[in-house]
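J.: coords below, sequence missing:
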C-alpha cells in the first residue's frame, strides 16, 4: 500500500489503512518515543497515545499542503511525548554529571568521536540516549533530531536559553562519555576472549 | 562536539525497534469506537440531518402550496362550525377574479341521480383550485351554463367540500370514506326532490358535510375530521405519554471484569413526548423522553481482604512490615461481592517503596450489610422507524431505532464496617453525567380508550452502545435493559390526511 493509499484510507477512517500506517511507521516512531521517554513502558504509552492522535487528527494532514507523511506523523508523535513528559513532570534539568567520566578534552573528542561511533551499534546509542537525565535527553533530542534552535527549545520547555545551551552541552559530553565507556568495555571483552 | 549530534542522528534516524504486539491491538480497539462514531454515525448524521430537513421542508411546501391547502387549514381548525359557514349564496359580486367550479356529470333527472353510486356523485365535483383562494367570486357552471356564483368566503368553505380528487378511487372499507358516502346519500335525496338550479348551493353544502365528524366517531375518523389535512396520505401526530416499565435490567462491566446482574429495577419508567410521521402504515418517530432505572443488590457476604504492606527505606536499610486490610472496588456477581483491584504498588520517588502484597481474600457470612446500587436517569431523543397496523380500536406496531441522550447516574456501594467505635455506615457512591448512545427495539399493542387517550403495552429491549464510565477507578458500566412497559398515551391529530389502518 503506497503512502497515498494510506493517506486516503486514513482520511476515510479505514481500519486497514490505519493498520498499514502503524505497520510501516511504528518501528521508527517507537525509537522516537524511546529517545524521549527514556524507558520502554513510557515509550509504549506515548506510542499508543501518539497513534490515536495521528488517526484522530488525520483530517488536518490533508489541509497541510506539501507535507510528507512521515515528518507530519513524527511531529505529532514528538508533541505527544513532550506533552506526556510535561504532564508527568519528567523534566528535570539536573546539573550533575559523572565527572569521573568527563575526562575528554575538546581536542581529543574531535579526533576520536567518529571512530567511537564506528564501533557501537545503534541500539547501544539508543540506550545511551535513554540513560541520559530527562533534561539532557529532551534538549538533545529537540536540538539534534528536531533541529529546534535554543530559543525555540526554551519556549517549548519553559526554560531559559542558557539552560537549554547548558543542558545540550552536558548531554553531548555525557553521550561521548557513556559511549566511550561502552566501547572500552567491548574492547576489554574482546581482549579477554582473545 | 557538534559532530555528536550528526553521528547520533545518523545512527538512529532510520533505526527501527518493533513495538510489542499488544500495542497494535490496543490502538485498534480504541480506534474501532472512534471510527464507528466519527466516521459512521456522525458521517451518517451528516446525511440524515439534511435528509430529514429536506423531508420536512418539502412536506411543508407541499402542504402550503398545493391547491386549497390553506383553506383546509382554516376550515379544519373549526371543523364543527363549517356547517354554519356554508350557506346558499345569493351574493352579488363583481365579475373580476372569478373562479369556475365545473360540475361535469350533473344528472338531468331524479332517476339518474338515484342510480348513481354515492361515490361517483362525490367525484362529480372537481377540486377547487388555488384560484378559489385568491378570487373574490366563484362561479358554478354546469356544462358551460352558469348556474350560480358565490362570494369568496363561501368558496373557501367549498374547497373543503371536495374530499376526493376527480381521479381518486374511493375505498368504502376506509371508515372516513364510508362517512363521506353516507353524507352523499343524504345529498341525493335533496337533489332528487328539488329544482336543481335553486338547490345547487345546498347540494354542494351537503357534500361539504362529508367532513363533519360522525356521531360515533372513532379515533381514525377523528384523524380525518379534526386535524389539518395535508394533500397526500400521511399523518403527523404529536404524542404525549407516560410509561411505566417493569423491566429486567442488567449491566456489563465493559472492561471485562465481570457482569453485574440485578433484580428488576422497580419503579422504573419513562415520560415521553414526541411526534410521529406516518406514510401509510410506516412511520418515523422522534421526541424527547426521560427514563429512570434503578438497580440494587443487597448482600451480607463479607469480603475481607487482608494485605501486607512493606515499607522499604532503601537509603536507611530499614524495612518495616505491617499488616493491612482494605476494602477495594468490588462488583456483584451471583449475589457475591468480588474484588476488582487487590494489588496496589505505589512508588514515591526512588527512595521509598510501598509494596502491597495481596493475600487471598476471604468471604464469609456476616450481619454486616453491603449493597451495590445504581441509579440512572436518562434524557434522550429517540429516533425510530416502524410499522403499524390497526384493527378496530387496537393498534399493533413494531419499531426500532437509536437513542441519543444524556445519562446521569450514580453507582457505588453502601456498607457497614466495624470500627473501634462500633458499626459505621459507609456510602461510597460515584456520580457521573455523560453522553449515552443506545439502540432499542420494541413491539406494542395500543388500545384506544377515547379519541385521544390510549393505553399501550410494549415489550422492549434496549442496549447501550457506549458505557457509563465511572470515576475513581470504578469500572465502566454498560447499561442494557429488557422488559415490558405499560403506558398511557395522549395523542393529538395534528396533520392528517388518511388514517393508517
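T.: That came in fine, so what should we check first? Every value quoted in this text rests on a predicted model; they were computed, and no experiment measured them.

J.: For chain A, name the helix or strand with the lowest mean pLDDT.
T.: helix A:106-118 (a mean of 63; mean pLDDT, DSSP states H and E).

J.: nope, chain B is what I meant
T.: helix B:82-85 (a mean of 28).

J.: Per the annotation, how does chain B divide into domains?
T.: B:2-65, B:79-212, B:228-300+B:368-496, B:303-364 (automatic domain parsing).

J.: do chain A as well
T.: A:3-87, A:99-193.

J.: The longest one near chain B anywhere?
T.: Yes - among the residues of domain A:99-193, A:106, A:109-110, A:113-114, A:117, A:122-123, A:125-126, A:129, A:140, A:143-145, A:169, A:172-173, A:175-176 lie within reach of chain B under Cβ under 8 Å from any Cβ of the partner chain. Where C-beta positions appear, they are placed from N, C-alpha and C, glycine not excepted.

J.: Can you flag which of those belong to helices?
T.: A:106, A:109-110, A:113-114, A:117, A:122-123, A:125-126, A:129, A:140, A:169, A:172-173, A:175-176 (DSSP state H).

J.: In contact with the residue sitting nearest the centre point of chain A, which residues?
T.: Centroid-nearest residue in chain A: residue A:35, 3.3 Å away (criterion: Cα atoms, centre = their mean). Listed by Cβ atoms under 8 Å, 6 or more residues apart in numbering or on different chains, the contact set of residue A:35 reads A:126, A:129-130, A:137, A:141, A:145, B:12.

J.: Report pLDDT for it.
T.: Model confidence at residue A:35, given as pLDDT, is 89.

J.: How about the helix or strand hosting it, which residues are buried there?
T.: When elements are assigned from DSSP states H and E, residue A:35 belongs to helix A:15-37. Neighbour counts using 16 or more other Cβ atoms under 10 Å in any protein chain shown place A:17-22, A:24-26, A:28-37 of helix A:15-37 among the buried residues.

J.: Which SSE is immediately downstream of it?
T.: helix A:40-56.

J.: didn't residue A:130 look like it was pressed against residue A:33?
T.: No - in terms of Cβ atoms under 8 Å, residue A:130 does not count as a neighbour of residue A:33; the distance is 10.4 Å.

J.: Tell me where the model's unsure across chain A.
T.: Within chain A, the stretches with pLDDT under 70 are A:62-66, A:89-112, A:186, A:189-194.

J.: hmm, 90 instead?
T.: A:1-23, A:35-46, A:49, A:52-76, A:79-138, A:144-149, A:151-167, A:169-194 (pLDDT under 90).

J.: SS state for the closest residue to residue B:406 other than its chain neighbours?
T.: Spatial nearest neighbour of residue B:406, chain neighbours left out: residue B:379 (5.2 Å); criterion: Cβ to Cβ, 6 or more residues apart in numbering or on different chains. Classification of residue B:379 using DSSP: H, G, I helix; E, B strand; the rest coil returns strand.

J.: quick one, what contacts residue B:379?
T.: Contacts of residue B:379 (Cβ under 8 Å, 6+ apart): B:288-290, B:405-406.

J.: List the ones among these that fall in strands.
T.: B:288-290, B:405-406 (DSSP state E).

J.: List just the nearest of those residues to chain A.
T.: residue B:406 (23.2 Å; Cβ to the nearest Cβ).

J.: Quick check: beta-bridge partners of the closest one?
T.: With DSSP bridges applied, residue B:406 shows beta-bridge pairing to residue B:379, residue B:435.

J.: So for it, what's the pLDDT?
T.: 83.

J.: Based on its surroundings, how many neighbours for it?
T.: 13 (other Cβ atoms under 10 Å in any protein chain shown).

J.: so what's it up against?
T.: Taking Cβ under 8 Å, 6+ apart, one finds B:378-380, B:433-436 in contact with residue B:406.

J.: Now, of those, which are buried?
T.: So, by 16+ other Cβ under 10 Å, the buried ones in those are B:378, B:380, B:436.

J.: how about those residues in CSV, adding distance to residue B:448?
T.: Below are the buried ones among the contacts of residue B:406 laid out as CSV (distance: Cβ to Cβ, whole Å):
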residue, distance to residue B:448
B:378, 28
B:380, 26
B:436, 33
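
J.: Going by distance to chain A, which of those residues wins?
T.: Using Cβ to the nearest Cβ, the buried ones among the contacts of residue B:406 come closest to chain A at residue B:436, 21.5 Å.

J.: Now that closest one: closest residue in space, sequence neighbours ignored.
T.: residue B:407 (3.7 Å).

J.: before we move on, what about residue A:180?
T.: Residue A:180's closest residue in space is residue A:116 (Cβ to Cβ, 6+ apart), at 6.1 Å.

J.: pretty sure the one you found is touching residue A:181, no?
T.: No - here residue A:116 lies out of contact with residue A:181, judged by Cβ under 8 Å, at a distance of 10.3 Å.

J.: Those two: which has the busier surroundings?
T.: residue A:116 (18 against 13).

J.: check contacts around that one.
T.: Residue A:116 neighbours (Cβ under 8 Å, 6+ apart): A:176, A:179-180, A:183.

J.: Which members of those occur in strands, if any?
T.: Per DSSP E, the subset of the contacts of residue A:116 in strands is empty.

J.: ok, so of the residues you listed, who is nearest residue A:161?
T.: Nearest to residue A:161 among these is residue A:176, at 23.2 Å by Cβ to Cβ.

J.: ok, how many other residues are close to the closest one?
T.: There are 24 residues near residue A:176, going by other Cβ under 10 Å.
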